[in-house]
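1. how would this look folded up:
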Amino acid sequence: MFSTNTSSSSSRTSSHTFLDPSALDFDLPPANPPNHITTIHEDSEEEEADYIHIHANQQYHHQEHTHHYHPQQQPSPASCDEKHHHGSIPFDTYPSTPPSRSAAASPALPSYPSPYYTPPQQSPAHQQQQQTRYQYPRTRSAQANGNGSLGQPTGLPLYASRTQRMRNGHSSSVDQSGKPVFRGPQPHISNGIGGLSSGSESDEDADYFIGGRGAGGIGHRLSSFRSRRGLPWYQSRELKIVGSILFFSLVVRLWKIGYPTSVVFDEVHFGGFASKYIRGRFFMDVHPPLAKMLIALTGFVFGLDPSFDFAEIGMDYLAKNVPYVAMRMMCGLMGVAVVPMAYYTIKNSGHSLHASILAAVLVLFENSIVTQSRLILLDSPLIFFTAFTTLAWVNFHNQRKEPFSDDWLLWLFMTGLGLGLAGSVKWVGLFIIATIGTSTLNQLWLLWGDLKVTPRLWAKHFLARAFCLILVPVLVYMFMFEIHFLILGGSGDGDGFMSAPFQMTLGQSLKDSPLVVAYGATITIRHQGTQGGYLHSHPSNYETGSKQQQITLYPHKDTNNEWIIMKRDGSIPESLEYVKHGDHVRLMHVPTSKKLHSHDKKAPVSEDENHFEVSGYGGVELPLGDSNDDWRVEIVGHDGGNNDADKTLHTLRSKFKLVHANMFCDLFSHSVKLPKWAFEQQEVTCMRSAVLPKATWMIESNAYSKYPSNAKMVNYKKPGFFGKFLELNQVMWRTNAGLTASHPYDSRPSSWFWLRRGISFWGKDQKHIYLIGNWFTWYLSSFSIVLYAAIRVLLVLRDKRGYRDNFRGLREYYELSGGFFFMAWFYHYIPFFLMGRQLFLHHYLPALYFAILLLCVTFDLACRFIPNRYRLGALVLVSTIAILVFRARAPLAYGSEWTRSQCEASKILKTWDYDCGQYPEAISTYRANEEALRQQMGRIVDPPAREEKLHSGDQPHDFLEQVLPHKMVEPEAGAKKEEPVGAVKEEVKQEKKEEEEKKGEEEHGNVVEAALQKHNAIVEEHIGEGGDDDDVEEEEQREKDNGAAAGSGPEEEQDLRKDIEDEYDDVVFGDDEGGEGERVDKEEGAEAE
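-> The predicted structure follows:
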């Protein structure tokens, strides 16, 4: 689909690829005989080709490009055959200097009649005027030598495009002095960027080129640049067009970007990550770090307080002085830059000015892209780098006739840089890498088939592309992670996702442990199959099953992870005895003295019949426990060169299973979370026929006072950058694949193509932000995708039947230019059908961008042969409809005022599920609500009060408010001003402070009282009793303990209250001395209290 046209009817094998029509020679055969006259519209403002309607005659077409026919001297058939035998003049040979515009220098036109055009009888003066007008004959004219033979060609065919003529040393415009004006790269290019060769042209001829001969350099080119009408570059039409595009982009993307003044949708995540970057606390996210670091950098520069955690949608930005406007503007400016890049992508692909403007308009007024660009989200940077990469690749492709030049190398490198940056924002950026990679393979394949390219030269092409398109993106991607690791050097809530060696690079430390494990040692046991959590327990019971003490998997270091390994009978040998493969052991939880226990009870969450509950049983009251506490150690693997690790249990080396002696099930854990009553920690069960990785454990720490002083010690080896880089990407991949939970607004890829539904972002105060696309642009782009695929399949079928469909030379151009954008759309859309994870409409936006570009290519082809005024009318019509559709649903993008009737009228599909009932019946309702709110506040804010606020510690929420302050509310005439404004503010602050202190005291008392009641309940109930092992002595012991608890006097209760208050203070204000509460996580918060 993406290769060149190799039809058997072609006269030669084309080596051209897509994207630049001026690079296509368009070997269009002329009518027979070749004297069909075509007028060049020299006064037209068009930059595209004025193609003529010519029928195919390939043999005569070849003769036409070999000779120039003069009416006085027509070559004979014999001379034509001789010239054809010896070789024709190269088609891409162009004159060294521009031809003269005088009538005498212009070659005459053929005189014999044409079956397609018969010129009327005209006066000699009028004929002379007509000959003067036609500066370029339809064939490439050649000057006759002295011996009458034909020399080098000096002209271009009439059906060559205007851009092609001007790029190759010809001009159809003059400046005010009467000299021809030339634009763009010239046929003689030096090694410097934009410089011209120092060939043998005269100084007079060099004046026709930009800046003269040898005047290289971008600055000189800009200073010497002239437009078609002889205007300086800063007065050119293109600059006016691009300036207008940028102006409207700034207005549309940044209009009222400060609203809403609260957290919206995924700003919860990406704003929160910015706070963690500033604090330097490690976190785990499924996306690469580039865009998140840019957001964090913006927040850091404009004073983001890292204590603001963006925890919930709707959190107020103004109360905490969050610089959210600056953070949103960073994403918004990237959205602004996408619009002119769409314009230049189509323009530099060789398409018309109308198609380029249409691309900018459709991208500019696409509702979904506007919505994403105005918030602290990752999609705007992703689309920006994707568009930049595409534009760089187009510019590189346009330099293919000058390989290894400065421009060629520059744009190749910029393409690789864009690939790395796009992949560093989201892994969706890998799709643009696949697009460019496929195009690169096509280029190398065509070069290999070109016999003019030697294997040595082909190898240079390959190495240049491999360096810029493979090595550079990989280095950029890895460099972003290096910065990520340098910033996040402290321990954070993402530690639990990583391995213990990785965690040691985050400021955590692990003491060296003896290699061999002995009975009586205090150990921590780490799971190997999930994300490396610890076998954990705490004094809380299951609410189902046996209601015994919970056994979970906990990802953080804590004293509740410590166990003592004992012999089968619960004893500890007097002498040092090491644990061996096949030994029966018991594990006692150090803080609670409960034994690791399992029985024939259903697991708390897992429904499978092979899962059984694992609990903590026994304790001080039952030190011996029962037979359900027995586990057999089976070493299943080991690390390191010590062969004894598979016979004797070693710290960090031996990988083992714990098999229950009675149930014959393995101690097992997986990613299933327990309910909130178990702090949503990971479930641990005893499973029969368990998969080995999720039933494998390892001793991480090992401590015992009886170990000899010269015992061999072991510890983790800290990973370097590459180890951390590979592990983090593996965890990102597994976590991303595990995001399979449903969401109220998730959707499948099959619904994106037809815009079946959107995403609700935010709603408040009878206003709503809802991600939905511009249905007109969306459906037209989808139609262009279907149309291209259908035409491509039809043409392939017709080729097989021997038909020749060249479309006057444009078939190859359309197939390859449109084919590139179709391929990009395909790679950015189809892979989502293979994903089982949670997906949303915004995942389609990069594919939508390429669909819009393909739509503009289709528009250009459809309007190629119609007059300019009709083409302009089509552009205005399509753009107007797109703008009107955008405006009709703009309140959903900006969160602005809307009425219920307007909302209902905007729904063209029933599946668009934004709620119109939240909008009022009339806009005046908003005014009434604002007035009621103002009256409820009880006073009017006057300018002095606002000035005092700006100069006090209560700063404005964004940096723009100092420059562009909101309009102040002026007091009404005759209204009495409140003079002591500062006193009122101080009084309000004092009252608020007293209320907060009172509230804190009440909260303190409530917490202490709740903890005291909980402690008494624990004493009375004796957690862990009443399982499956009833005993008379156990009941007597319970009654005795209850009596002791009931007899506790006021002094004991007062001491207990004091201890609980101290524990509360440690939890709230921190405990500098460490201990079990060294890390208080939200899962363990209730337990600590």
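2. just give me the neighbour total for Leu853.
-> When counting by other CB atoms under 10 Å, one arrives at 30 neighbours for Leu853. Backbone N, C-alpha and C define where each C-beta goes, glycine included.
3. check contacts around it.
-> Applying CB atoms under 8 Å, 6 or more residues apart in numbering, we find Leu853 in contact with Ala342, Thr345, Ile346, Ala359, Thr390, Phe821, Ala824.
4. also Ile759?
-> With contact set as CB under 8 Å, 6+ apart, Ile759 has these partners: Phe265, Tyr745, Tyr770, Leu771, Phe840, Leu841, His842.
5. run through the strands of the stretch 451-600 of the chain in chain order.
-> Secondary structure of the stretch 451-600 of the chain by DSSP state E, counting those that start in this stretch: the strands cover 513-514, 522-527, 534-541, 549-554, 562-567, 584-589, 594-602.
6. could you dump those into TSV and include distance to Gly496, mean pLDDT and mean neighbour count?
-> As requested, the strands of the stretch 451-600 of the chain are exported to TSV (distance: least, CB to CB, whole Å; pLDDT from 0 to 100; neighbours: other CB atoms under 10 Å):
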stretch	distance to Gly496	mean pLDDT	mean neighbour count
strand 513-514	21	94	22
strand 522-527	11	95	22
strand 534-541	10	94	22
strand 549-554	8	95	26
strand 562-567	18	95	20
strand 584-589	20	95	21
strand 594-602	22	94	23
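7. right, and these - which one's nearest Arg808?
-> Shortest distance between Arg808 and the strands of the stretch 451-600 of the chain, using CB to CB, is found for strand 522-527: 69.2 Å.
8. packing partners for that closest one?
-> Contacts defined by 3 or more CB pairs under 8 Å, 6 or more residues apart in numbering; DSSP states H and E place strand 522-527 against strand 534-541, strand 562-567, strand 697-703.
9. out of the strands of the stretch 451-600 of the chain, which is closest to Trp754?
-> strand 549-554 (44.0 Å).
10. thinking again about what came up before, filter the contacts of Leu853 down to the buried ones, ChimeraX style.
-> Selection of buried members from the contacts of Leu853 for ChimeraX, criterion 16 or more other CB atoms under 10 Å:
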select :342,345,346,359,390,821,824
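11. in TSV: the contacts of Leu853, plus secondary structure, pLDDT and distance to Val796.
-> Supplementary listing: the contacts of Leu853 in TSV, determined by DSSP: H, G, I helix; E, B strand; the rest coil; pLDDT from 0 to 100; distance: CB to CB, whole Å:
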residue	secondary structure	pLDDT	distance to Val796
Ala342	helix	97	30
Thr345	helix	96	27
Ile346	helix	95	26
Ala359	helix	97	28
Thr390	helix	97	26
Phe821	helix	96	19
Ala824	helix	96	21
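12. Phe776: how many residues sit nearby?
-> Phe776 has 19 neighbouring residues, counting by other CB under 10 Å.
13. so which of the contacts of Leu853 is the closest to Lys567?
-> Lys567 lies nearest to Ala824 out of the contacts of Leu853, by CB to CB, at 66.7 Å.
14. what distance do you get for that closest one to Ser751?
-> Remark: distance between Ala824 and Ser751 (CB to CB, to the nearest Å) = 21 Å.
15. cool, Ser879 as well?
-> Ser879 sits 27 Å away from Ser751, going by CB to CB.
16. neighbour count winner among those two?
-> More neighbours surround Ser879 than the other of Ser879 and Ser751, with 18 against 14 (other CB under 10 Å).
17. dump the residue contacts of that one.
-> Counted by CB under 8 Å, 6+ apart, Ser879 has contacts Ile357, Leu358, Val361, Leu362.
18. so which strand or helix has the second one?
-> So the one you mean is Leu358. helix 353-364 (DSSP states H and E).
19. returning to that earlier point: so which of the contacts of Ser879 is the most crowded?
-> Ranked by neighbour count (other CB under 10 Å), the contacts of Ser879 have Leu362 at the top, with 31 neighbours.
20. so Ala257 sits against Gly332, correct?
-> Wrong residue type there; residue 257 is Ile, not Ala. Yes. Counting by CB atoms under 8 Å, Gly332 is a contact partner of Ile257 at 5.7 Å.
21. overlap of the contact sets of the two?
-> Common neighbours of Ile257 and Gly332 (CB under 8 Å, 6+ apart) are Arg374.
22. okay, these two: which has more neighbours?
-> Legend: neighbour count by other CB under 10 Å for Ile257 and Gly332, higher for Gly332 (25 against 19).
23. show me what contacts that one?
-> Residues in contact with Gly332 (CB under 8 Å, 6+ apart) are Arg253, Leu254, Ile257, Ser373, Arg374, Ser380.
24. okay, now the fifth one: neighbour count?
-> The number of residues packed around Arg374, counting by other CB under 10 Å, is 27.
25. swap in the fourth one?
-> Other residues near Ser373 come to 28 when the count uses other CB under 10 Å.
26. quick one: the nearest residue to Met480 once chain neighbours are set aside from Gly418, how far?
-> Spatial nearest neighbour of Met480, excluding adjacent residues (CB to CB, 6 or more residues apart in numbering): Ser424 at 4.4 Å. Distance from Ser424 to Gly418, counting by CB to CB: 11 Å.
27. what does Lys694 give?
-> Between Lys694 and Gly418 the computed distance is 41 Å (CB to CB).
28. so these two - more neighbours on which side?
-> Using other CB under 10 Å as the criterion, Lys694 and Gly418 rank with Gly418 on top: 27 against 17.
29. Gly299 versus that one, what's the distance?
-> 25 Å.
30. next one: Lys655
-> Lys655 sits 44 Å away from Gly299, going by CB to CB.
31. same question for Met334.
-> Distance of Met334 to Gly299, computed by CB to CB: 16 Å.
32. so for the two, which residue has more residues nearby?
-> Gly299 (25 against 22).
33. list the residues that contact that one.
-> Neighbouring residues of Gly299 by CB under 8 Å, 6+ apart: Gly271, Ala274, Ser275, Ile278, Pro323, Ala326, Met327.
34. save the residues you listed as a markdown table, and put in neighbour count too.
-> As requested, the contacts of Gly299 are arranged in a markdown table below (neighbours: other CB atoms under 10 Å):
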| residue | neighbour count |
| --- | --- |
| Gly271 | 29 |
| Ala274 | 27 |
| Ser275 | 22 |
| Ile278 | 17 |
| Pro323 | 23 |
| Ala326 | 19 |
| Met327 | 27 |
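35. so of these, which ones are in helices?
-> If you go by DSSP state H, the contacts of Gly299 have Gly271, Ala274, Ser275, Ile278, Ala326, Met327 in helices.
36. confidence score at the third one?
-> At Ser275 the predicted local distance difference test score is 95.
37. give the contact list for it.
-> Gly299, Leu304, Pro306, Ser307, Phe308, Asp309, Phe310.
38. please pick the buried ones from the residues you listed.
-> Gly299, Leu304, Pro306, Phe308, Phe310.
39. could you pull up phi and psi at the closest residue to Glu543 other than its chain neighbours?
-> What sits nearest to Glu543 in space, not counting adjacent residues and going by CB to CB, 6+ apart, is Trp677, at 5.1 Å. In terms of degrees, to the nearest 10, the main-chain angles of Trp677 are phi -70, psi -10.
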